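1. Sequence first, predicted coordinates after that:
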Amino acid sequence: MKRLIWKLLRTHISAPQLVGFSIANLVGLFIVVLAVQFYRDVLPVFNDEESFIRKDYLVITKAVTATGAMLGGAGEFQPAEVQQLEQQPWCRKVGRFTGSEFAINATIGLGNSGKAMRSQFFFEAIPDEFIDVADADWSFDAQRRQVPVIVSRDYLSLYNFGFAATQGLPQMSEGQVSLIPLSFTLSGNGLNETLPGRIVGFSSRLNTVIVPEEFMRWANDRYGDGGTTPPQRLIVEVSKPGDIAIEDYMTTHHYDVAGDKMNASKANYFLTLIITIVIAVGVVISLLSFFVLMLSIFLLLQKNTRKLRDLLLLGYSPRQVSQPYMWLVLAINGAVLLVALALMLVARLYYLPMLSAMGGGGASVWPAVLVGVVIMAVITAGNLLAIGRKVRSLWIS
Amino acid sequence: MKTITLYNTLPAVFAEREPVPSQVWRCEVSFERGRYYLVSAESGTGKSSLCSYLYGYRRDYEGVMRFDERDLRSLAVEQWCYVRKHELAYLPQDMKLFAELTALENVELKNQLTAHKTRREIEDFFERLDIADKLHCPVAKLSIGQQQRVALIRALCQPADFIVLDEPVSHLDEQRNHIAAAIVDEEARRMGAGVIATSVGNPLQLTYHSHLEL
């Protein structure tokens, strides 16, 4: 039955018109999904939001002054200062950074083949409650002795854009760095032991090397001399991160807040603006192509009016005679959607390496796919509705 | 469907004309299932209009037309589709065949919808009407008389309470007229259907129960 109806109704289908529509819609849809995907991929580069440490945590240090540096000890937070901080209305919780009381040598690379980088190193720890990593990843077992660390993202940028670029070394993404063998040689108290390490993640707000508090206690007991130094930095959970009172307090006490991302947030604003404009352009193109398809199909229905009427006279329902056109629209729109998504994924392969070197690119593709599907669903629904109405209008001559 | 009734019906375009004597327009007329009616008329008296009103694709008439108790104007699209597949068989005067399809494909287009006849029965019709060699010939290449026979076969590919034939044999000779009539008679008897045939001078050779002048 479908074969004969299709044989009748396919006449007057204009391939150039349908191809024109498909290309226009493809371009529009491709722009939209790529813009959405690019925005999501590039966002982590600008955004200081990260999974390890929440936005309402501030890391504060004392401003380093020339006199303070000469006298020594001026950078440390005294218990009275911490107490005063804790009493501020906007302060929920204060955590102290614990330093390592022993010597550390880090070895990065394949230790056996000799191609390794060694460097003196340091560790800091903050209370686990401030760190947002799965417990299994962020624990230390005195039997297995593997040390998980969170490293400042700035170190990676320093390597990628400062060191690697000028020394002819390959740039590395965060994922790649995490795969490189890493070990720490800890010495003190007459002991000299090497422990494997593992990079759990990168942070752009903790400008240091963080290890679990549990490990720090164990290591300080084992290699340290038992003395404790007051913390150089504090981590503070605040109720309202943008509160002007916090800024005032920090200024009057000469405290620095680490990772001030003013510039990043401006860039972020312009990025959002530009992406919004691009998406709007894509949507307008898609909308125009929608009308091209409508025109093409209306023309087709117009040319086939007599046949459609005669089919209705034979007892075919309006639904049955509009079906071939509906399938046509579904097939074209489905193909356009698939091609647009495929093109988006291909285009993404071209910018991903660059982005991942800068700390972006990890976003899921599903939101962009969803946007594409929704736009296409709306366009298709409009097309199908119009076809249905047009065919029904042929009922009475 | 048992009866088709017309109450004071008149094509809208005739409303302003001088009333002409008619046994159909502006009368109460009933067509009964199982009976054969010949509606004869001169051209331009609304014969094809009557058929298109009955088949639901024109509504430009005054008065009321009913299938049993159902007013034709009240039937929804889905109900008309049902009528066209199960209750009313119709051969339009202009046949409305699809020129780009073959004779058989034209018939199949209807039969697929109703699954009323087997391929064998359809081929039998073609044979009896002497167009067996035209089965796979595009309709565009058939003569009007051949097309008329194809259209008649297509009209009979459905169950029906009434068979409405608008000048079904205007282009057939005496002998083929008789064959067509015999086939219509067989089908109508088998289904207990009524036949309403129109004519402008060359009627289908049935034994009519009633003869109306339009």
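-> Ah, there it is.
2. Can you report phi and psi for B:Tyr61?
-> phi -130, psi 160 (degrees, to the nearest 10).
3. Quick check: it touching B:Tyr53?
-> Yes. Between B:Tyr61 and B:Tyr53 there is a contact under C-beta atoms under 8 Å: 5.3 Å. For the C-beta atoms, the positions are set from N, CA and C on the backbone; glycine is no exception.
4. where does chain B come near chain A, residue by residue?
-> Counting by C-beta under 8 Å from any C-beta of the partner chain, the residues of chain B lying close to chain A are B:55, B:57-59, B:77-78, B:81, B:84-85, B:90, B:92, B:96, B:98, B:100-101, B:105, B:108-110, B:112-114, B:158.
5. mind running it again at 6 Å?
-> Neighbours of chain A within chain B, by C-beta under 6 Å from any C-beta of the partner chain: B:57, B:77, B:81, B:84-85, B:96, B:98, B:105, B:109-110, B:112-113.
6. which one of these has the most neighbours?
-> When neighbours are counted by other C-beta atoms under 10 Å in any protein chain shown, B:Arg84 leads the residues of chain B next to chain A with 25 neighbours.
7. how about the helix or strand containing A:Leu273 against chain B, any contact?
-> Using DSSP states H and E, A:Leu273 falls within helix A:262-303. No. Using C-beta under 6 Å from any C-beta, helix A:262-303 stays clear of chain B, coming no nearer than 13.4 Å.
8. Could you look up the SS state of the nearest residue to A:Leu295 once chain neighbours are set aside?
-> Of all residues not flanking A:Leu295 in the chain, A:Gln17 sits nearest, at 7.9 Å (C-beta to C-beta, 6 or more residues apart in numbering or on different chains). Per DSSP: H, G, I helix; E, B strand; the rest coil, the secondary structure class of A:Gln17 is helix.
9. gap between the closest residue to A:Val59 other than its chain neighbours and A:Lys62?
-> Closest residue in space to A:Val59, ignoring its immediate chain neighbours: A:Ala258 at 4.1 Å, by C-beta to C-beta, 6+ apart. Distance of A:Ala258 to A:Lys62, computed by C-beta to C-beta, to the nearest Å: 12 Å.
10. go on, A:Arg118?
-> Separation of A:Arg118 from A:Lys62 (C-beta to C-beta) stands at 31 Å.
11. and if you look at B:Tyr36?
-> Taking C-beta to C-beta, one finds B:Tyr36 at 112 Å from A:Lys62.
12. Check which strands are paired with the top strand by length along chain B and give the direction for each one.
-> Using DSSP state E to define each element, chain B has its longest strand at strand B:3-11. Partners of strand B:3-11 in the sheet, by DSSP bridges, are strand B:28-32 (antiparallel), strand B:61-67 (antiparallel).
13. Comparing those strands, which comes out most buried?
-> Most buried of the strands paired with strand B:3-11, by mean neighbour count (mean count of other C-beta atoms under 10 Å in any protein chain shown): strand B:61-67, with a mean of 18.
14. Sheet-wise, list the partners of the helix or strand just after it with their directions.
-> Next in sequence after strand B:61-67, counting helices and strands by DSSP H and E, comes strand B:70-71. Sheet pairing of strand B:70-71 (DSSP bridges) gives strand B:61-67 (antiparallel).
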